[in-house]
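Have a look; sequence and predicted model below, questions after that.
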Amino acid sequence: MNSLPEILDQTLKAALQRSQPQICLPRYLKEIQETEKLPERIIVLGAGKASAEMANALECHWQGTDWGAKLSGLVLTRYGYGVPCKSIEIVEAAHPVPDEIGQITAQRILNLARSATEQDLVICLISGGGSALLALPGQGLSLQDKQALNRSLLYSGATIGEMNCVRKHLSSIKGGRLARAVQPARLWTLAISDVPGDDLSVIASGPTVPDPTTFADALEILRRYQIQPTPAILALLEAAEEETPKPGEDIFSRNQVRLVATPQLMLEAAGKEAEKLGITPIILSDRIEGEAREVAKVHAAIAKQIKHRDQPINSPALILSGGETTVTVRGNGKGGRNAEFILSLLEALQGEEGISAIAVDTDGIDGTEDNAGAWIDQSSLLKAKQLNLKPNDFLANNDAYSFFQQLDQLVLTGPTMTNVNDFRAIFVDQR
């Protein structure tokens, strides 16, 4: 990777640091200790890309205490995201398309939840990625059914909320069903949000919280995106025999839920870092959705308005945004939503002087490739022309990864051990 502009590098690091479990989890573990009596057992369950590091942070905080002596549990994370723990078992499985290890481990997590008694405390560590990892098919479904549907959803352009609505209604563990299994034990859920608006029922498909959506909603989403499910999936959704637990049900009366890290807090940390460097930040939103290439055009227009009009703020400025864009895949190239955003931004800016930008998925993986995202500066378009690379050709083939690989402008972070959704930063220098 060529030299990333300092402002983009430092603000990204600040954003990721604020979202690390070792930083954000301890205050909530203290709250649990202050609120709960020491239980007979503390059963830790979890799923998501940040869940193993969350388990590690929990163990470190309670190490050598009576609470630490009570710990046991099982946490499921993505391949490459495991962290060694002493008392909590960590299992790695496939994401975003689930595999058999995910299915087996999800069943084990459900069994552990069912073993909890009224004298026990269950702590669920939930983060983005948990929905695909907790691959426990509903009645009459196979893992192959869910794998095929997951692929279709990922390519459809559906939002994360829509995808997880469908997933919840095809699962034996998501959509509040894990909370049902935990009863009558006391339950605390500590969650890192990776969804626009921090909707708890969407984060990892809300295994421990009420689900306001229905089987009918799931069917409508499949019809909207013209996704043809397998006969077994269609039969399950149409039968609608066992709805997910809804808001107000008694099973949630002994539950506590805390958001320990969010996209907004991540953006605020980046903004504070920009201010230290004498740059004015503006946070557009922490919940931006829509097609990545279209969202990029709006961001480009705002950057140009700052550059040429000093509106809505004066330069030097840093435009920050989060959320989760989508990509409707029509080509056969490589790349995720953040690289596609940056490629469309590059085309829209047309080499505008004094503007650089970065977009990454904060978990370290943009889509299914090895990069977190990509970055550009004012020289990127010229480099592309020298290499005879046309941004629109690569956009048409959904091949942003290959484009930025040739420019050596991919962002490669490796696993970050957190997941607070997309991070986008556009630096507009002074005129």
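Structure's in. What do you need?

for the residue nearest to residue 371 when sequence neighbours are not counted, phi and psi?
Once flanking residues are discounted, residue 371 sits nearest to residue 410: 4.2 Å by Cβ to Cβ, 6 or more residues apart in numbering. Quick note: C-beta positions are derived from backbone N, CA and C, even for glycine. Note on residue 410: backbone dihedrals following degrees, to the nearest 10 are phi -80, psi 150.

per-residue confidence for residue 361?
Per-residue pLDDT puts residue 361 at 97.

Wait, it touches residue 372, no?
Yes: using Cβ atoms under 8 Å, residue 361 is in contact with residue 372, at 5.7 Å.

Can you list the neighbours in contact with the helix or strand of the chain at the bottom of the mean pLDDT ranking?
Lowest by mean pLDDT, DSSP states H and E among the helices and strands of the chain is helix 143-156, with a mean of 92. With contact meaning Cβ atoms under 8 Å, 6 or more residues apart in numbering, helix 143-156 is reached by 96-100, 103, 132, 135, 137, 163, 166-167, 170, 225, 227-230, 232-233, 328-329.

Beyond that helix, next helix or strand please.
helix 160-168 (DSSP states H and E).

so what does that next one touch, helix or strand wise?
helix 130-133, helix 143-156, helix 215-224 (3 or more Cβ pairs under 8 Å, 6 or more residues apart in numbering; DSSP states H and E).

got the angle for it vs helix 215-224?
Counting by axes from the mean of the first three to the mean of the last three Cα atoms, to 10 degrees, helix 160-168 lies at 120 degrees to helix 215-224.

tell me how far helix 160-168 is from the chain's mean position?
13 Å (Cα atoms, centre = their mean, to the nearest Å).

can you check stretch 365-377 too?
On Cα atoms, centre = their mean, the centre of stretch 365-377 falls 14 Å from the chain's centre.

Low-confidence ranges, this structure, go.
1-2 (pLDDT under 70).

before we move on, back to that, just the helices and strands packed on helix 160-168: most buried one?
Sort these by mean neighbour count, taking mean count of other Cβ atoms under 10 Å, and helix 130-133 sits at the top with a mean of 31.

In ChimeraX, select just the buried ones from the contacts of helix 143-156.
Listed next is the ChimeraX selection for buried residues among the contacts of helix 143-156, using 16 or more other Cβ atoms under 10 Å:
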select :96,97,98,99,103,132,135,137,163,166,167,170,225,227,229,232,233,329
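
Run through the residues that contact residue 382.
Counted by Cβ under 8 Å, 6+ apart, residue 382 has contacts residue 351.

how much space between it and residue 351?
According to Cβ to Cβ, to the nearest Å, residue 382 stands 6 Å off from residue 351.

same check, this time on residue 75
For residue 75, the distance to residue 351 - Cβ to Cβ - is 47 Å.

and the two? which has more neighbours close in?
residue 75 (30 against 15; other Cβ atoms under 10 Å).

show me the contacts for the spatially closest residue to the more buried one that is not a sequence neighbour.
Closest residue to residue 75 apart from its sequence neighbours, by Cβ to Cβ, 6+ apart: residue 46 at 3.8 Å. Counting by Cβ under 8 Å, 6+ apart, residue 46 touches 52, 54-55, 73-77, 124-127, 130.

pretty sure residue 46 is in a strand, no?
Yes: read with DSSP: H, G, I helix; E, B strand; the rest coil, residue 46 is one of the residues of a strand.

rewinding a little: can you give me the angle the least confident helix or strand of the chain makes with helix 215-224?
Interaxial angle of helix 143-156 relative to helix 215-224 (the same axes, to 10 degrees): 60 degrees.

quick one on the thing from earlier: and the contacts of helix 143-156, which of them are in helices?
Residues of those located in helices (DSSP state H): 100, 103, 132, 163, 166, 167, 232, 233.

Give the bridge partners for residue 361, please.
In this entry, residue 361 is beta-bridged to residue 422, by DSSP bridges.

Enumerate every residue touching it.
Residue 361 sits next to 336, 337, 338, 367, 372, 373, 421, 422, 423 when contact means Cβ under 8 Å, 6+ apart.

swap in residue 370?
If you count contacts by Cβ under 8 Å, 6+ apart, residue 370 has them with residue 412.

From residue 79, how far out is the spatially closest residue to residue 22 that is not a sequence neighbour?
Using Cβ to Cβ, 6+ apart and skipping residues adjacent in sequence, the residue nearest residue 22 is residue 57, 4.7 Å away. Per Cβ to Cβ, residue 57 is found 21 Å from residue 79.

Looking at the two, which is more packed in?
Ranked by neighbour count (other Cβ under 10 Å), residue 57 and residue 79 place residue 57 first, with 25 against 12.

Which parts of the protein belong to which domain?
If you go by automatic domain parsing, the domain ranges for the chain are 36-261, 264-428.

And the strands in the protein?
With DSSP state E as the criterion, the chain has strands at 42-47, 71-78, 88-93, 121-126, 186-192, 255-261, 280-288, 317-323, 355-361, 373-376, 410-411, 422-428.

ok, back up a step: how about the contacts of residue 361 in JSON lines, adding distance to residue 38 and neighbour count?
As requested, the contacts of residue 361 are arranged in JSON lines below (distance: Cβ to Cβ, whole Å; neighbours: other Cβ atoms under 10 Å):
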{"residue": "336", "distance to residue 38": "45", "neighbour count": "26"}
{"residue": "337", "distance to residue 38": "45", "neighbour count": "22"}
{"residue": "338", "distance to residue 38": "44", "neighbour count": "30"}
{"residue": "367", "distance to residue 38": "44", "neighbour count": "21"}
{"residue": "372", "distance to residue 38": "41", "neighbour count": "27"}
{"residue": "373", "distance to residue 38": "44", "neighbour count": "34"}
{"residue": "421", "distance to residue 38": "36", "neighbour count": "26"}
{"residue": "422", "distance to residue 38": "40", "neighbour count": "27"}
{"residue": "423", "distance to residue 38": "39", "neighbour count": "27"}
